[in-house]
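K.L.:
Everything below, folded, please.
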Amino acid sequence: MQEEMQSLEKNCTWEIDPLPKGKKIVCCKLLYKRKEGLSPSEPPRFKSRLVAKGYSQIPGIDYNEVFSPVVKHSSICTFLSIVASHDLELEQLDVKTAFLHGELEEEIYMDQPEGFIVPGKENYVCKLKRSLYGLKQSPRQWYKRFDSFMLSRGFKRSQYDS
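P.N.:
A predicted model of the protein is given here:
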């Protein structure tokens with residue numbers, strides 16, 4: 001839990017503010033998962049992730065667009081066959097806390113996570129600056145950020161599969 005909260009703090013995910021009049025909050029919760037080691041000798045790891053309860057969000061108020069393209073299976077197969085036929089090297093990456101890199105366009109207020117309430121600001125809320133797992137718009141915001149980064153590096157979007 002400490003590692004998750006440190007990551008959220010490092011990414012400047014929110015700021016603690018009083019809730020403005022007429023605004024509602026999105027609740028949150030910590031989810032826990034046991035991840036097995038990569039080998040039998042490696043011990044399991046225990047992870048937690050703070051998620052927003054996005055099911056309480058209202059379309060047109062809390063979010064506008066949610067669409068985020070997903071790669072087509074045929075694109076992956078084609079890409080892998082090109083790599084294999086030309087004996088190329090292939091690397092893969094995993095972006096840790098990917099959704100936290102998406103910047104929110106809407107004003108979203110969330111309650112402070114249980115067990116991590118700021119002393120002296122118990123009645124304050126988190127004004128989200130970055131997307132968070134569970135929010136309806138998070139996949140879209142991550143895609144927009146990643147897409148603009150790749151385009152700025154000279155990559156071109158496929159006409160077949162965005």
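
K.L.:
What is the distance between the longest helix along the chain and the centre of its chain?
P.N.:
Across the chain, the longest stretch assigned as helix under DSSP state H is helix 138-152. Its chain's C-alpha centre and that of helix 138-152 lie 12 Å apart, by C-alpha atoms, centre = their mean, to the nearest Å.

K.L.:
Count the residues that sit near Gln92.
P.N.:
Number of residues near Gln92 (other C-beta atoms under 10 Å) recorded here: 4. Every C-beta, even on glycine, is put in place using the N, C-alpha and C of the backbone.

K.L.:
what sits up against the longest helix of the chain?
P.N.:
54, 65-69, 95, 98-99, 101-105, 131-132, 157 (C-beta atoms under 8 Å, 6 or more residues apart in numbering).

K.L.:
Can you select the buried ones from those residues in PyMOL?
P.N.:
Per 16 or more other C-beta atoms under 10 Å, the buried members of these correspond to this PyMOL selection:
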select buried, resi 54+68+98+99+101+102+104+131+132
